[in-house]
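Visitor: Any chance you could fold what I've pasted below:
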Amino acid sequence: KQWYQRRVRGHNGMGEGNLLLSGHKDDRRIQVVGCDMSTYNYRSYDFGHFFATMQFDFGTPCYPYFNRDRSFIPSEEARRNMIVRYVRRLDLPVAQQKVTEEKIMEYSEKFMLAAHFLHGCWGIVQADVSELQFGYLEYSLACFQAYFEHKILHNL
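Guide: Below you'll find the predicted structure:
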């Protein structure tokens, strides 16, 4: 398999709440925390999951306790920049870097669909079993809406 298709140890729940910025202004580092769902997965899945979940704000104080805003999805340029910075840190041969960047970008778009679908199914299950006050069915519906919007918008 090509390097970008290999499975790696993935976080599988990458979101802004699982990233810590450390270091000084000239030498910033990102530390990943909350690895309780970590397992082997495709390298692009964490990117797709991260990009997909950025449109959800869970700091809303009233029911359904989340808000969805598509404008929070990082732009294509911002997504590409994040992927380029990631690939450059992998110490790949220069000839492989560009192909890897493009493939991770392409696959992350598809994995955004997987993340939306997974979260939609999770919301349905949680609505039945969870005792927490949260709009699980509303969240599920929002995830499935995001799935179909993304699928149509990107012709996937």
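Visitor: From here on, just use CA atoms for contacts and neighbour counts.
Guide: OK.
Visitor: Please enumerate the strands of this protein.
Guide: For the chain, the strands defined by DSSP state E cover 7-10, 19-24, 27-32, 39-42, 56-57, 67-68.
Visitor: want to throw these into TSV with distance to residue 94, mean neighbour count and mean pLDDT?
Guide: Below are those laid out as TSV (distance: least, C-alpha to C-alpha, whole Å; neighbours: other C-alpha atoms under 10 Å; pLDDT from 0 to 100):
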stretch	distance to residue 94	mean neighbour count	mean pLDDT
strand 7-10	21	14	68
strand 19-24	28	10	73
strand 27-32	23	11	70
strand 39-42	22	16	79
strand 56-57	36	16	94
strand 67-68	39	16	96
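Visitor: Now tabulate the ones you listed in JSON lines and tack on distance to residue 147.
Guide: Compiled in JSON lines, the strands of the chain are given as follows (distance: least, C-alpha to C-alpha, whole Å):
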{"stretch": "strand 7-10", "distance to residue 147": "22"}
{"stretch": "strand 19-24", "distance to residue 147": "24"}
{"stretch": "strand 27-32", "distance to residue 147": "26"}
{"stretch": "strand 39-42", "distance to residue 147": "19"}
{"stretch": "strand 56-57", "distance to residue 147": "13"}
{"stretch": "strand 67-68", "distance to residue 147": "13"}
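Visitor: Indicate which one of those is closest to residue 136.
Guide: Within the strands of the chain, the stretch nearest residue 136 is strand 67-68; the backing value is 12.2 Å (C-alpha to C-alpha).
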